[in-house]
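Undergrad: Below: sequence and its predicted model.
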2 protein chains.
Amino acid sequence: MQLRVIARFVAILVFSLGISMSAPLLMSLIYEDGSTQALIASMLITSSVGLLLFIFTKSQENNQLNHRDGIAIVALGWVMAGLFGTLPYLLSGSIPDFTNAYFESVSGFTTTGATILSDIESLPKGILLWRSQTQWFGGMGIIVFSIAILPVLGVGGMQLYRAEIPSPVVDKLKPRISETAKTLWKVYVLITVMEIGLLFAGEMSLFDAVCHAFTTMPTGGFSTKNASIAHFNSLYFDCVFILFMLFAGINFSLHYRLIKGDLNVFGKDSECRTFLILVGIFIAIITLNVHGTVYSSLAKTFRYAAFQVSSIITTTGFVTADYEKWPVLSQLVLLICMFLGAMAGSTGGGMKTMRVMLLMKHGYQQVFRIIHPHAVTAVKLGGRPVPQDVLSSVWGFFILYLGLFVVATLVMAGLGLDMISAIASVAASIGNIGPGLGIVGPTKHYLLIPEAGKWVLVFCMLLGRLEIYTVIVLLTPEFWKK
Amino acid sequence: MQLRVIARFVAILVFSLGISMSAPLLMSLIYEDGSTQALIASMLITSSVGLLLFIFTKSQENNQLNHRDGIAIVALGWVMAGLFGTLPYLLSGSIPDFTNAYFESVSGFTTTGATILSDIESLPKGILLWRSQTQWFGGMGIIVFSIAILPVLGVGGMQLYRAEIPSPVVDKLKPRISETAKTLWKVYVLITVMEIGLLFAGEMSLFDAVCHAFTTMPTGGFSTKNASIAHFNSLYFDCVFILFMLFAGINFSLHYRLIKGDLNVFGKDSECRTFLILVGIFIAIITLNVHGTVYSSLAKTFRYAAFQVSSIITTTGFVTADYEKWPVLSQLVLLICMFLGAMAGSTGGGMKTMRVMLLMKHGYQQVFRIIHPHAVTAVKLGGRPVPQDVLSSVWGFFILYLGLFVVATLVMAGLGLDMISAIASVAASIGNIGPGLGIVGPTKHYLLIPEAGKWVLVFCMLLGRLEIYTVIVLLTPEFWKK
């Protein structure tokens, strides 16, 4: 552990975060929304702390990072971003309570989208932009984390993606990160700009277009409206959001290859095919199940089903329908979507399509093995055999994910939540979705969760966002040895 | 596939089943309960069909069984036992509807204990004995299946127990089965007789003592009373049942070793230790959680918690308390017990302690691997490294168990059950417990489940009882080739 090097990276992050507060500040100046002083103070505090920490951890020449340093930087980075992210909420008085402010801030940076705000529209514009912006930055972090760092660490089967990283550097973390970051961030910015353009073209205000694009691409789900996307009640916007939520749920290196001219890249990738087929199946089930119960026509049912499935499976969490009014089967399908999540290498949370595919294929292979005990078979993905260590890693991820889900659900129940709310609040937090069922349903918020429960859910958001392992290892004495 | 040999084994089973109906018949003669004619007819039909099938499948000398034959016999055996087991219910008019009768019969032979009867006490004594007896026979089947057959097939990690089988024959199924069967059935009978003695000593009627011992040892849970064990409201009986339910949840080869003089065998076995520690932890959590809410004293709370945890984790399903009146946390703990189940090699259902241990250990090992990427480590059980094929097999079991649980839950929800009832009815069926939550809660029954839902749950009971794989392989075209 090179504490100085770790601190230096965190310093850069905190400083950048402080500087980025200039955008909300500008917004508050334009709209004279009363949050200007709070944002100036937040910006000064955050960037000064970052700068001071940077100065006090003056670089030694040889600051190569090892695995543990990488893990510590990532985990500490998210926790600290969450911490400084509370300043605009606290100082402007938008969220006066620290627990609530930290919940909202971590929900932003982890791109979860769970909110404790009961009246979002009453917030100053500057604060609303900051809130959306935390998700957008969180998304940038995730792209680098999941495509550049996790494959090197070999976390949860992500070593499968080692070959995909657009960088010639294999052994050293740092050059790889900056190389990959530059390429994929360009893609991320490009798609975000496209979405802003399309929303603006549909006559959404530029402010709302920016805020919503900022929370679509990281599969975040914060809205500037109390009723989320249902506020706009527009078929056009629904279509744009569905398209971009699905984009956000697809591995960003596929987008990179698409831009490079490989037009059939989504169809060729077996994980992407499976992801899109699953989306189709779930939309079909819900459409058929809901048809004739809540909406006046099949087309309308299909529209809401398509939106809600895309929103939940990509772990975005935008809402156009009160899906708790849907039949139980449809609610259960959405609950399953919370666990499945989108593709690995996307900004989405949950378990990821790739892992679920490997688990299912493994199950099938074991059935085959009972019939042919002496046949030698391997689990394959995209035609290539998957190494045993990748499977082991995926299995470890799955059991830790489920195990922590169960423990957190028990704790939430112990804090007084009913069974469905306990299950759904944890599923929606560890999967980084946002809205759940019961007291945290699509038309509700997280304000009424008991204080201790909010901290449990904050922990779940971080766990899910950092792919479980990255948080768990920090809690082992083993990690801190030597 | 040697259809003739398979048919011959099933013939023997059906014939024996028919003969065994003489016990309920005797009971009905003694009590003149009006079910005599029905039982005579059932006995004649069942034993004649068995006999005819036996004659028509006259033995060829070389009837060695291979893996597939073994699987087919086991699966067909349970399905046919369920079928002929309906005759006493149908012919006596106790359960006039075939679906209900088959549900009750399969619930018996799979030792699930879910009932569609709303007034159990109104049944003739002969039929009540038959109902308990189906569970006792089911338990005999499971002991042989799980200790003699599964290890040879290598299903769900059971190959770990190959060394434990008290038989020198390794390659051929048939001699091993009869060898092991004889030894372990003696143990099973012995413990059953002990329980009958202790219940009778506590002044339970001999009839009730026999019926309840017949449904404790196979972790079945059918009672002759509408209120289950709560009917007796006796601390002494509760203690006896707790003790024998836990016995039934322990690997029967450990009981065999105990009888052979190895007095510390439970403490030495790491799976047994974990199982008993889990039981202790769950009792403690529920006692603390329920304390002060429903019962007048801590002692009383402890008594009901100890009974219900022992009953659910061993997948017996006896009831002394309406645990739906307990706080949500306690209900969730019981729901988790339904998934965990008892030890491998016991008569219990669920996932089994051994598998859950291996999954947890694997998860921990993977965390360790992130910290020390180059360290070579193995998952160990009882100090010995666990081979990779065992782990793969356990993972396969786990994902199939969960996957089928999810699919069946969706179907039950689609049939109109509320979310908690859908989840709990499937969990209680696939885990072979019996009572669940919601409309199938501890004070309710399965009568009101829609007809299609009953068939789904029957399938789940068989799936769980036959350790998933054994049923799933039958559904693959691969199995029937050549």
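TA: Sure thing, it's come through. Numbering: from 1, shown residues only, chains lettered A, B, ... in the order given.

Undergrad: How about the secondary structure of the residue of chain A positioned farthest from its centre?
TA: Computed with C-alpha atoms, centre = their mean, the residue of chain A farthest from its C-alpha average is residue A:374, at 42.8 Å. Judged by DSSP: H, G, I helix; E, B strand; the rest coil, the three-state class of residue A:374 is coil.

Undergrad: can you tell me how far it sits from chain B?
TA: 10 Å (C-beta to the nearest C-beta, to the nearest Å). To be clear about C-beta, it is placed using only N, CA and C from the backbone, and glycine gets the same treatment.

Undergrad: same question, residue A:338
TA: 12 Å.

Undergrad: Against which helices or strands is the helix or strand where that residue lies packed?
TA: Taking DSSP states H and E as the definition, residue A:338 sits inside helix A:328-340. Here helix A:328-340 touches helix A:270-290, helix A:298-313, helix A:419-430, helix B:388-414, helix B:419-430, going by 3 or more C-beta pairs under 8 Å, 6 or more residues apart in numbering or on different chains; DSSP states H and E.

Undergrad: that older thread, what residues does the residue farthest from the centre of chain A make contact with?
TA: By C-beta atoms under 8 Å, 6 or more residues apart in numbering or on different chains, no residues touch residue A:374.

Undergrad: looking at this, residue A:296 is in a helix?
TA: No - using three-state DSSP, the assignment for residue A:296 is coil, not a helix.

Undergrad: Identify the residues contacting residue A:134.
TA: Counting by C-beta under 8 Å, 6+ apart, residue A:134 makes contact with A:81, A:85, A:105, A:108-109.

Undergrad: Try it again at 7 Å.
TA: By C-beta atoms under 7 Å, 6 or more residues apart in numbering or on different chains, the contact set of residue A:134 is A:85, A:105, A:108-109.

Undergrad: what's the closest non-adjacent residue to it?
TA: residue A:108 (3.1 Å; C-beta to C-beta, 6 or more residues apart in numbering or on different chains).

Undergrad: Then residue A:468?
TA: Per C-beta to C-beta, 6+ apart, closest to residue A:468 is residue A:400, 4.8 Å.

Undergrad: Quick check, pLDDT for that neighbour.
TA: Predicted confidence (pLDDT) for residue A:400: 95.

Undergrad: burial of it, as a residue count?
TA: Residues lying near residue A:400 (other C-beta atoms under 10 Å in any protein chain shown) number 24.

Undergrad: What mean pLDDT does the helix holding residue A:338 get?
TA: Rounded mean pLDDT across helix A:328-340 is 98.

Undergrad: Just the residues contacting it, thanks.
TA: Applying C-beta under 7 Å, 6+ apart, the contact partners of helix A:328-340 are A:278, A:282, A:285-286, A:289-290, A:308-309, A:312-313, A:323-324, A:350-351, A:353, A:356, A:424, A:427-428, A:431, A:433, A:437, B:406, B:409-410, B:413-414, B:418-419, B:422.

Undergrad: List only buried entries from the residues you listed.
TA: A:278, A:282, A:285-286, A:289-290, A:308-309, A:312-313, A:323-324, A:350-351, A:353, A:356, A:424, A:427-428, A:431, A:433, A:437, B:406, B:409-410, B:413-414, B:419, B:422 (16 or more other C-beta atoms under 10 Å in any protein chain shown).

Undergrad: residue contacts, residue A:106?
TA: Taking C-beta under 7 Å, 6+ apart, we find residue A:106 in contact with A:82, A:458, A:461-462.

Undergrad: any residues touching stretch A:86-93, and which ones?
TA: Against stretch A:86-93 from outside (C-beta under 7 Å, 6+ apart): A:21, A:24, A:35, A:38-39, A:41-42, A:45-46, A:95-96, A:98, A:101-102, A:104-105, A:124, A:127, A:130.

Undergrad: swap in stretch A:22-35?
TA: Contact with stretch A:22-35 is made by A:36, A:39-40, A:43, A:88, A:92, A:124-127, A:129-130, A:133, as judged by C-beta under 7 Å, 6+ apart.

Undergrad: Work out the gap between that stretch and the centre of the chain.
TA: Relative to its chain's centre, stretch A:22-35 lies at 27 Å (C-alpha atoms, centre = their mean, to the nearest Å).

Undergrad: repeat for stretch A:441-460
TA: 17 Å.

Undergrad: mind checking the longest helix of chain A?
TA: As assigned by DSSP state H, the longest helix anywhere in chain A is helix A:173-201.

Undergrad: mind listing what's buried in the next helix or strand after that helix?
TA: Tracing the chain C-terminally past helix A:173-201 and defining elements by DSSP H and E, one meets helix A:206-216 next. For helix A:206-216, a neighbour-count test (16+ other C-beta under 10 Å) marks A:207-216 as buried.

Undergrad: any idea which of those residues is closest to residue A:55?
TA: Of all the buried residues of helix A:206-216, residue A:214 has the smallest distance to residue A:55: 31.3 Å, by C-beta to C-beta.

Undergrad: Quick check, that closest one in contact with residue A:136.
TA: Yes - using C-beta atoms under 7 Å, residue A:214 is in contact with residue A:136, at 4.0 Å.

Undergrad: quick one: the one helix or strand in chain A whose mean pLDDT sits lowest near chain B?
TA: Scoring the helices and strands of chain A by mean pLDDT, DSSP states H and E places helix A:150-153 at the bottom, with a mean of 78. Yes - using C-beta under 7 Å from any C-beta of the partner chain, helix A:150-153 reaches chain B at residue A:153.

Undergrad: Among the contacts of residue A:106, name the ones in helices.
TA: Filtering these for helices - DSSP H - leaves A:82, A:458, A:461-462.

Undergrad: neighbours around residue A:261, how many?
TA: Residue A:261 has 7 nearby residues by other C-beta under 10 Å.

Undergrad: Name the SS class of it, please.
TA: Applying three-state DSSP: residue A:261 is coil.

Undergrad: Show the pLDDT at it.
TA: pLDDT, residue A:261: 88.

Undergrad: Could you do residue A:65 as well?
TA: For residue A:65, pLDDT reads 73.

Undergrad: Low-confidence bits of the stretch 351-482 of chain A, can you list those?
TA: For the stretch 351-482 of chain A, the stretches flagged by pLDDT under 70 are A:482.

Undergrad: Apply 80 and report the result again.
TA: Low-confidence segments of the stretch 351-482 of chain A (pLDDT under 80): A:373-376, A:481-482.

Undergrad: interface residues of it facing chain B?
TA: A:359-360, A:362-363, A:366-368, A:370-371, A:373, A:388, A:392-393, A:395-396, A:399-400, A:403, A:406, A:409-410, A:413-414, A:418-420, A:422, A:469, A:472-473, A:476, A:478-479.

Undergrad: Would you list the buried entries among those residues?
TA: Using 16+ other C-beta under 10 Å as the threshold, A:359, A:362-363, A:366-368, A:370-371, A:392-393, A:395-396, A:399-400, A:406, A:409-410, A:413-414, A:419-420, A:422, A:469, A:472-473, A:479 are the buried ones among these.

Undergrad: returning to what we had before: now look at the longest helix of chain A and say if it contacts chain B.
TA: No - if you take C-beta under 7 Å from any C-beta as the test, helix A:173-201 misses chain B, and the best it gets is 13.1 Å.

Undergrad: thinking again about what came up before, how much space between the residue farthest from the centre of chain A and residue B:154?
TA: Computed as C-beta to C-beta, to the nearest Å, the residue A:374 to residue B:154 distance reads 11 Å.

Undergrad: Next: residue A:215.
TA: 50 Å.

Undergrad: ok, now residue A:375?
TA: For residue A:375, the distance to residue B:154 (C-beta to C-beta) stands at 13 Å.

Undergrad: more neighbours, those two?
TA: Per other C-beta under 10 Å, whichever of residue A:375 and residue B:154 has more neighbours is residue B:154, with 20 against 9.
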